[in-house]
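Got a sequence here, can you build the structure:
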Amino acid sequence: MPSGRFTSFEICAGAGGQALGLERAGFDPVLLIDTNDHCCRTLRLNRPRWDVLQADVVEFDPDEYQQVYDVDLLSGGLPRVKSAATIQRPDSDFEWKLLQAGVWMAHSVQPRAVLLENVPELAESAKYAAERQWIEECLGEQGYRCSWQVLDAADFGVPQHRKQGFLVALREPHHSAFRWPEPSGVGTPTVGEALGASMASDGWPGAHAWAAAADKPAPMLIGGSDKRGGADLGPTGQKRAWARLGVNGASIGDGVPGPDAPIDLVPKLNVRQVAVLQAFPDEWLFYGRKTSVYRQIGHASPPPVAEAVGRQIALTLAG
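Below is the predicted model of the structure:
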């Protein structure tokens, strides 16, 4: 790992999972942007020294924040984009317009490297071939060459199978030197291993048996939409996967089972437990009420994955 630090500019920063991982990898943000007030408050709560701006990336003008010019890295975890083939109405492609704005940002900011995270299909599915071609051509006009990869968070010590699509764009000679991170070699924790102590913390007599039965990593956490109701662990298929691990995915709990809870209870997860499954450190705080916090966590990029990719970018830039 190089000894020096690097600068970054993060768009769609969310609750800071990617920014935290990149910080560990050696990147210090000069500015972070998100449209969500609670996400911005979460970022400021944890890193008061970070410059956090609540703003729409599509409307952002770098001339007003000139510290973002010539940063080492432009990064962002953008909302899950739909392919053109699946967009039903011309006005329903907000996520794609946001991704376009992120790519165009590289034209304005001229970073040494670009890192964007999105759905795995964007990196590898034939449905997204036109989108990938547009991105590569747009960045290619500025001399960047693109590398695409799908990584599973479970390969980096995160107790969750979460596949993420990544784009890293660099100019030569750095592009040819860049290598994607290899799996960490650390065993993937199961849900029981990750949450057993938490489930037992208030004296629930069924905690030990529950942890032993929750013997696989979690399925992918789904943050849901601000346009729908309360927090739950996803659609029907996801809830069934959680049920096989002994978790009630119908909603998010307020605490952990107590000493009077039935031994065979199927418990709900609380937001701190969900944060553990996204590999946020215990000291990372979240602003807002339960539903808002769950959505911040569920939409986040697990910090260890961002750290692994960030370290490879840092090594490349340092070389």
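
all contacts plus neighbour counts: C-alpha atoms, from now on.
Fine.

Could you chop the protein up by domain?
Taking automatic domain parsing as the reference, the chain has its domains at 6-182+301-318, 191-297.

any chance of the ones you listed in a markdown table, plus mean pLDDT and mean neighbour count?
Compiled in a markdown table, these are given as follows (pLDDT from 0 to 100; neighbours: other Cα atoms under 10 Å):
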| stretch | mean pLDDT | mean neighbour count |
| --- | --- | --- |
| domain 6-182+301-318 | 93 | 19 |
| domain 191-297 | 93 | 18 |
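
How about the residue lying farthest from the centre of the chain, nearest residue that isn't a chain neighbour?
What lies farthest from the middle of the chain is residue 260; by Cα atoms, centre = their mean that is 36.7 Å. With sequence-adjacent residues excluded and distances taken as Cα to Cα, 6 or more residues apart in numbering, residue 260 is closest to residue 204, at 7.0 Å.

right, and the one you found touches residue 265 too?
No - using Cα atoms under 8 Å, residue 204 is not in contact with residue 265; the gap is 9.5 Å.

on that earlier part again, any idea how far the residue nearest to residue 260 is from residue 30?
For residue 204, the distance to residue 30 (Cα to Cα, to the nearest Å) stands at 46 Å.

now swap in residue 176 and tell me
In terms of Cα to Cα, residue 176 sits 27 Å off from residue 30.

do residue 256 as well
The spacing between residue 256 and residue 30, counted by Cα to Cα, is 39 Å.

ditto for residue 279
Per Cα to Cα, residue 279 is found 24 Å from residue 30.

likewise residue 212?
45 Å.

would you list every one of the strands in the stretch 51-200 of the chain?
Here the stretch 51-200 of the chain has its strands, by DSSP state E, counting those that start in this stretch, at 52-54, 73-77, 113-118, 145-152, 163-170.

Residue 196: which of those is closest?
strand 145-152 (23.0 Å; Cα to Cα).

got the angle for the closest one vs strand 113-118?
Comparing the axes of strand 145-152 and strand 113-118 via axes from the mean of the first three to the mean of the last three Cα atoms, to 10 degrees yields an angle of 40 degrees.

Paired strands for strand 145-152, with orientation please.
Within its sheet, and counting by DSSP bridges, strand 145-152 is paired with strand 163-170 (antiparallel).

what residues does the strand it pairs with touch?
Identification of contacts with strand 163-170 by Cα atoms under 8 Å, 6 or more residues apart in numbering yields 112-123, 139, 144-153, 175, 220.

coming back round to it: okay if I get the strands of the stretch 51-200 of the chain as JSON lines plus distance to residue 7?
Below are the strands of the stretch 51-200 of the chain laid out as JSON lines (distance: least, Cα to Cα, whole Å):
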{"stretch": "strand 52-54", "distance to residue 7": "15"}
{"stretch": "strand 73-77", "distance to residue 7": "6"}
{"stretch": "strand 113-118", "distance to residue 7": "11"}
{"stretch": "strand 145-152", "distance to residue 7": "20"}
{"stretch": "strand 163-170", "distance to residue 7": "15"}
